[in-house]
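using only what follows, build the 3D model:
(one chain, ligands or ions: 1)
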Amino acid sequence: MSDNHSKTLAIFGGLPVRQKLLPYGRQCIEDDDITAVVDVLRSDWLTTGPKIPEFEQAFAALTGSLEAVAVSSGTAALHAAMYAIDIKPGDEVIVPAITFAATANSVVFQGGRPIFVDVHPDTLLIDPEQVARHISTKTKAIIAVDYAGQPCDYDTLRKLADRYHVKLIADACHSLGGSYKGRPVGQLADLSTFSFHPVKHITTGEGGMISTNDPDLARRMRIFRNHGITSDHRQREQQGSWFYEMVDLGYNYRITDIQCALGSSQLRKLSAWVKRRQEIAQRYNAAFAEVPAVRPLDVRAEVSHAYHLYVVRLDLTRLQVTRGQVFAALRAEGIGVNVHYIPVHLHPFYRKQFGTGPGLCPVAEAAYEQIISLPIFPQMTDADVEDVIRAVRKVVRSFVIEQDRKYFGG
Ligand SMILES: *Cc1c(COP(=O)(O)O)cnc(C)c1O
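Got it, this is the predicted structure:
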């Protein structure tokens, strides 16, 4: 292999760093996970059975919260949270511009209006100053999103929520296993929501959870996930009764025992997996400190970052190309990069329905042009991590402006 052939970017016909694409995230399913699922398939209860409270109790214990309510997805968890705090037409809920669309959608499901606020440029976490500026008499709640896995500034957000008598919700879909000032994610807000989609920290295929210290909110969400009915199939079997009452309009957001058995099995591995994610992030941090034009997001003091994502910002003033071209070049090298996220207020639905658009959240919009998520998941080998670093160096080396070439040694 000639040196030139390996230096030429794969996108221009050179040899790629990897033949097979390394995904940005991926589940880990081991033999004990499979056994746990098969055991449920042979049991009496496929849904509304004993595996659901088992998973909920293990999750509540792990997050140090009184209650945990399991549902069919992270989106269902957000919807249940908006229902539990009684979001209604006319209500406003503050959400950050950079998040997955489901955060804002959950407000709309209940007829509320999401108010998009800007993020802090260094962390891309919701900016409490912007939150304060957007609170109105219609505001009922703030949803903080622990973007990439870093818990938000919950002390400041809590003060704001208390001062204005609004609820504080954590969309903690990225931060399971993280902590803030020694307190675990899951007990940092009135309600915290989680997702068990395969790219998240633990998986149930599809699934979600809400943790809370408020038994009344938990009770409301258990009714909501079951059509608004006060008892479930197993409870009626046990009581030998057919009678039930539908007290409110709910949905079928139940999760199965099959999924919860998998969830309990996965939960036991969470802390080891988060540790591995942090190790990979440290290796990236050290490597990219030497690479011009590549800047990891800042991590604030007093947080333990759960690294669902590893996001870097490209300094486009030092590159001859756009983020899109860097993205395409890395993909061609076999690195499954991604972009999280298109600011939600720029999606056609929100523009059409709520009149949002460019200019509303300038920090988020500028950051969006610069961000790239690199692969990070616990089963990545050290060699995989080095491939990513090698590919980033290779791509940046060929795209940096002339003055920065010296960093690469000729
Ligand atoms: C994954 C995710 C969700 C939605 O979870 P699903 O389980 O896919 O419905 C919501 N918010 C954030 C920030 C997420 O990352």
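
could you list the low-pLDDT ranges of this structure?
Applying pLDDT under 70 to the chain picks out residues 1-3, 410.

domain parsing for it?
Domains of the chain are assigned by automatic domain parsing as 3-27+270-408, 31-267.

what's the local residue count around Thr317?
Counted with other C-beta atoms under 10 Å, residues neighbouring Thr317 total 7. No exception for glycine: its C-beta is placed from N, CA and C like everyone else's.

doesn't it fall inside a helix?
Yes: membership of Thr317 in a helix is supported by DSSP: H, G, I helix; E, B strand; the rest coil.

buried deepest among the domains of the chain, which one?
Ranked by mean neighbour count, those are led by domain 31-267 with a mean of 21 (mean count of other C-beta atoms under 10 Å).

excluding chain neighbours, what is closest to the most centrally placed residue in the chain?
Of all residues in the chain, the one closest to the mean position by C-alpha atoms, centre = their mean is His174, 2.9 Å from it. Spatial nearest neighbour of His174, excluding adjacent residues (C-beta to C-beta, 6 or more residues apart in numbering): His308 at 3.8 Å.

quick one: closest of the domains of the chain to the ligand.
For the ligand, the closest of these is domain 31-267, at 2.4 Å, according to C-beta to the nearest ligand atom.

do that closest one and the ligand meet?
Yes: counting by C-beta under 6 Å from any ligand atom, the ligand has neighbours in domain 31-267: 73-75, 99-100, 102-103, 145, 171, 173-174, 195, 197, 208.

now secondary structure and distance to Gln325 too, for those residues, in TSV please.
Output for the residues of domain 31-267 next to the ligand, formatted as TSV (DSSP: H, G, I helix; E, B strand; the rest coil; distance: C-beta to C-beta, whole Å):
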residue	secondary structure	distance to Gln325
Ser73	coil	34
Gly74	helix	32
Thr75	helix	33
Thr99	coil	26
Phe100	coil	25
Ala102	helix	29
Thr103	helix	29
Val145	strand	28
Asp171	strand	31
Cys173	coil	30
His174	coil	27
Ser195	strand	31
His197	coil	29
Gly208	strand	36
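
in JSON lines: these, plus distance to Pro362.
Converted to JSON lines, the residues of domain 31-267 next to the ligand look like this (distance: C-beta to C-beta, whole Å):
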{"residue": "Ser73", "distance to Pro362": "32"}
{"residue": "Gly74", "distance to Pro362": "28"}
{"residue": "Thr75", "distance to Pro362": "28"}
{"residue": "Thr99", "distance to Pro362": "17"}
{"residue": "Phe100", "distance to Pro362": "21"}
{"residue": "Ala102", "distance to Pro362": "24"}
{"residue": "Thr103", "distance to Pro362": "20"}
{"residue": "Val145", "distance to Pro362": "18"}
{"residue": "Asp171", "distance to Pro362": "22"}
{"residue": "Cys173", "distance to Pro362": "25"}
{"residue": "His174", "distance to Pro362": "23"}
{"residue": "Ser195", "distance to Pro362": "29"}
{"residue": "His197", "distance to Pro362": "30"}
{"residue": "Gly208", "distance to Pro362": "32"}
